[in-house]
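# Fold the following, please.
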Amino acid sequence: MSEESLIRFEDLYLSFGDNPVYEGLSLTVPRGQTLAVIGGSGCGKSVLLKCLIGLMYPDSGRVFYEDIEVSQLSEKNLRAIRKDIAMVFQSAALFDSLSVGENLAYPLREHMPELSEEEIGARVAQTLELVNLPGIESMQPVELSGGMRKRVGLARAIMTRPKVILWDEPTTGLDPISTRVIDELIVSMKKHLGCTSIVVTHDMNSVFRVSDGIAMLARRKIVASGSVAQMRASTHPDVQAFFGAGESE
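Residues are numbered from 1 along each chain as shown. From the prediction side, this is the model:
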């Protein structure tokens, strides 16, 4: 695998019952880049993220992280991969019974038991600063706005300082100001953590703000990919139709 490539999906086939999701899907994600995966609702964009972290498996084909074939790993070895790869869920997926501080401490206690409570508290505070929410450790998730929940979800995802962040529809349901804040945080994570990101989204304004590259999922495979400029200039009919619909909204 080339040094530039961090993640590879090779010739994936996947069906849910009689409904095919992928038929020969292949995609490479360059190291240190932010790649947006776009496509219509229900086309399998979020499933791709789940295949990378072993929450789902293709019927055939291979998924690689570094030189490791994820689909061949045991649950024990998947835990090590999941420490490197964080997922920011659309719903933020916070534990409503825990405070913000306890939510953020949870992955540290799970993956880094060698840390003292003092070290955990310091990292929680530092990470809340990173997402521009200092001092809210004692708040409960129910007290947070939608945008704040998304940022706390991001903070929890990056507590272990992952090498890869997976963003599943990060701006869905947010107002324009909160959307802009999340977009700025996606860019900031690349700057501060040096991480690679895959962003699954319908929001073309966000795509253009945060992405280094774009991949278009349609017809059960990646039909086109390239830099933002290349994709804007693409003559592929699926790309033109999707970009045109996004610009008309």
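# need the helices for the chain, in chain order.
Ranges of helices in the chain, per DSSP state H, are 45-52, 75-84, 100-111, 117-130, 146-157, 176-193, 204-210, 228-232, 237-248.
# Not counting its own residues, what contacts the third one?
The one in question is helix 100-111. With contacts defined as C-beta atoms under 8 Å, 6 or more residues apart in numbering, helix 100-111 is touched by 79, 83, 94-95, 98, 115, 120-121, 123-124, 127-128, 136-141, 144, 152, 155-156, 159-160. In short, each C-beta sits where N, CA and C put it, glycine included.
# So for this protein, the centremost residue is which one?
L166 (1.4 Å; C-alpha atoms, centre = their mean).
# hmm, back to that, now which of the contacts of helix 100-111 would you call buried?
Buried members of those, scored by 16 or more other C-beta atoms under 10 Å, are 83, 94, 120-121, 123-124, 127-128, 136-137, 141, 144, 152, 155-156, 159-160.
# elements contacting the helix or strand of the chain with the lowest mean pLDDT?
Least confident helix or strand of the chain, by mean pLDDT, DSSP states H and E, is helix 237-248 with a mean of 77. If you count contacts as 3 or more C-beta pairs under 8 Å, 6 or more residues apart in numbering; DSSP states H and E, helix 237-248 packs onto helix 204-210, strand 213-218, strand 221-227, helix 228-232.
# Now distance to V21 and mean pLDDT too, for these, in CSV please.
Shown next, in CSV, are these (distance: least, C-beta to C-beta, whole Å; pLDDT from 0 to 100):
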stretch, distance to V21, mean pLDDT
helix 204-210, 22, 92
strand 213-218, 10, 95
strand 221-227, 10, 95
helix 228-232, 23, 93
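# May I see those organised as TSV, with distance to G39 and mean neighbour count added?
Below are the helices and strands packed on helix 237-248 laid out as TSV (distance: least, C-beta to C-beta, whole Å; neighbours: other C-beta atoms under 10 Å):
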stretch	distance to G39	mean neighbour count
helix 204-210	12	19
strand 213-218	4	23
strand 221-227	9	18
helix 228-232	13	15
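# Tabulate those (a markdown table), appending distance to F64.
Output for these, formatted as a markdown table (distance: least, C-beta to C-beta, whole Å):
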| stretch | distance to F64 |
| --- | --- |
| helix 204-210 | 24 |
| strand 213-218 | 16 |
| strand 221-227 | 15 |
| helix 228-232 | 24 |
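# residues touching S188, list them.
S188 touches L130, counting by C-beta under 8 Å, 6+ apart.
# Can you tell me how far it is from C195?
With distances taken as C-beta to C-beta, to the nearest Å, S188 is found 11 Å from C195.
# Of the helices and strands packed on helix 237-248, which is nearest V37?
For the helices and strands packed on helix 237-248, proximity to V37 was assessed by C-beta to C-beta; strand 213-218 is nearest, at 5.1 Å.
# Now do that closest one: which elements does it pack against?
In terms of contacts (3+ C-beta pairs under 8 Å, 6+ apart), strand 213-218 is packed against strand 19-30, strand 34-38, strand 221-227, helix 228-232, helix 237-248.
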